[in-house]
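Student: With the sequence up front, the predicted model follows.
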Amino acid sequence: MTELPLSGIKVIDFTGVQAGPACTQMLAWFGADVLKVERTAGGDVTRNQLRDIPDADALYFTMLNSNKRSLAINTKSPEGREVMEKLIREADILVENFAPGAMDRMGLDWETLQEWNPRLIFGSVKGFNEDSPWNDLKVYENVAQCAGGAASTTGFWDGPPTVSGAALGDSNTGMHLLIGLLTALIDRDRTGRGQKVAVSMQDAVLNLSRVKLRDQQRLDRVGYLEEYPQYPNGEFGQAVPRGGNAGGGGQPGWVLKCKGWETDPNAYIYFTVQEQNWKRTAEAIGRPEWAEDPDYSTAKARQSRIFEIFEEIEKWLADKTKYEAVDILRKWEVPCAPVMSMKELAEDEALRRSGTVVEVEQKGRGTYLTVGSPIKFSGFKPDIKGAPLLGEHTDDVLGALGYDAGAIAAMREKQIVI
Ligand code: COA
């Protein structure tokens, strides 16, 4: 495919950190022209955060801003605002994730944007939605995980609320915004008008915690949750408890030790006891008699014995590596997988082949690994490129807007652009 699906779509990427950039990066992979508009003083803060090479943009930045262009400009100066107006008049989408009120303070409120360009789609990420009593708060990843119900339901019952290593607050919110922006693009084809698409991090986390809201209502009604480790002997309180590694649906599961767990923190598999596959599961783990034994043969009978069963499976796993165990269990159709470390994922050949992990060339750095598109299309394969240097495209962008070399030099002299 020569033309990518979003080619011709102009995106002003007025975002920083992770939630906004994750969204606009994916728009860029799918063909949109994404222009990152950054502060002159250092640009997106992630350029400088957690650097592993002293003078090179940090991986935090490069892994969220590939395939974009960069304009470094002080949008608070009159000249900078004029440039923004010109860009907005030509754009299809503007995305921002500044602190609450920052866009208004820059004079880039939704009313002004609509006046300048009624076809503009305006994507906005905040920590909390407009109806929230906390809608003035600045929010980062873990704050959102705590506010959205992920932390209170993650971890073990005898430990504190726990945040996930997955970016449920940041990248997840960006993916929600992406869905909203694409929906608004389709709607604009019909109506000719753009609209504001707002996503809050609390809402996006709660959307992924949907099954826990299911459980809250079940708990309210019957007083217990039979798939949680607290059942039948432990206590249930008023709210959905932390369930450790219990399976969230109707199929019990747990993280089980494999050979080498004493020294390797990731020598584990996730093992699921699938009800309809119990006979084969019992055979797989060398306990075929459990298939018919009334103490084990039904899901109900197994419920109170589930940890005893997991202990028995761990005995079976003791002389098998996690990979050997999965190779055996897959033949018996047991839903399972090894617990993969980041090192193993980085080196995984199949993930490289699929383009899910890609090696990218980056100016000033050499090559680095990033996560490519998890969405696979039959019509095209996103080509993941490097991220722009700060202000790398300033001259091109201003030139295309009609500024001549003298005018650009004057702006540079006054440090309005770099
Ligand atoms: N030129 C001039 N000023 C610029 C600029 C530019 N190109 N780009 C940004 N700024 C200004 C903003 O207008 C703002 O000014 P103001 O405070 O005077 O209004 C200022 O830079 C700082 O903006 P921001 O990055 O939002 O503030 P912060 O660093 O204090 O907060 C966050 C960072 C992430 C906490 C905050 O942006 C936030 O809560 N965002 C919403 C939720 C979110 O996306 N969180 C991060 C998820 S990864």
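Tutor: Happy to help now that I have it.
Student: all strands of this protein, in order?
Tutor: 10-14, 33-38, 69-72, 93-96, 121-126, 196-200, 253-257, 268-272, 336-338, 357-362, 366-371 (DSSP state E).
Student: Same list, the ones you listed, but as CSV with distance to Glu314 please.
Tutor: Backbone N, C-alpha and C define where each C-beta goes, glycine included. Formatted as CSV, the strands of the chain follow (distance: least, C-beta to C-beta, whole Å):
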stretch, distance to Glu314
strand 10-14, 49
strand 33-38, 49
strand 69-72, 52
strand 93-96, 48
strand 121-126, 43
strand 196-200, 42
strand 253-257, 5
strand 268-272, 9
strand 336-338, 13
strand 357-362, 31
strand 366-371, 32
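Student: Tell me the bridge partners for Ala337.
Tutor: Tyr270 (DSSP bridges).
Student: isn't Leu168 right next to Gly148, touching?
Tutor: Yes - between Leu168 and Gly148 there is a contact under C-beta atoms under 8 Å: 7.3 Å.
Student: before we move on, back to that, format the strands of the chain as CSV; extra columns: distance to the ligand, mean pLDDT and mean neighbour count.
Tutor: Below are those laid out as CSV (distance: least, C-beta to the nearest ligand atom, whole Å; pLDDT from 0 to 100; neighbours: other C-beta atoms under 10 Å):
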stretch, distance to the ligand, mean pLDDT, mean neighbour count
strand 10-14, 7, 99, 24
strand 33-38, 6, 98, 25
strand 69-72, 8, 98, 24
strand 93-96, 9, 99, 24
strand 121-126, 4, 98, 26
strand 196-200, 8, 99, 21
strand 253-257, 29, 98, 19
strand 268-272, 28, 98, 22
strand 336-338, 29, 98, 18
strand 357-362, 21, 98, 17
strand 366-371, 16, 98, 15
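Student: Quick one, which of the ones you listed gets closest to Gln49.
Tutor: Closest of the strands of the chain to Gln49 is strand 33-38, at 14.0 Å (criterion: C-beta to C-beta).
Student: So what touches the closest one?
Tutor: With contact meaning C-beta atoms under 8 Å, 6 or more residues apart in numbering, strand 33-38 is reached by 7-16, 21, 24-25, 27-28, 44, 65, 67-73, 75, 84, 87, 388, 390-391, 393, 397.
Student: any idea of the angle that strand forms with strand 10-14?
Tutor: With axes from the mean of the first three to the mean of the last three C-alpha atoms, to 10 degrees defining the directions, strand 33-38 sits at 20 degrees from strand 10-14.
Student: Now find how far off-centre strand 33-38 is within its chain.
Tutor: On the basis of C-alpha atoms, centre = their mean, to the nearest Å, strand 33-38 sits 20 Å off its chain's mean C-alpha point.
Student: Run through the residues of the chain sitting next to the ligand.
Tutor: The chain has residues 16-19, 37-39, 73-76, 97-99, 102, 105-106, 125-127, 138-140, 170 near the ligand, with proximity defined as C-beta under 6 Å from any ligand atom.
Student: Buried among the residues you listed? Need that as a selection in PyMOL.
Tutor: In PyMOL, this line selects whichever of these come out buried by 16 or more other C-beta atoms under 10 Å:
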select buried, resi 16+17+18+19+37+38+39+73+74+75+97+98+106+125+126+127+139+170
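Student: could you measure the closest residue in space to Ser354 that isn't next to it in sequence against the ligand, distance?
Tutor: Closest residue to Ser354 apart from its sequence neighbours, by C-beta to C-beta, 6 or more residues apart in numbering: Lys376 at 7.2 Å. Computed with C-beta to the nearest ligand atom, to the nearest Å, the distance linking Lys376 and the ligand is 26 Å.
Student: again, but for Lys363
Tutor: For Lys363, the distance to the ligand - C-beta to the nearest ligand atom - is 22 Å.
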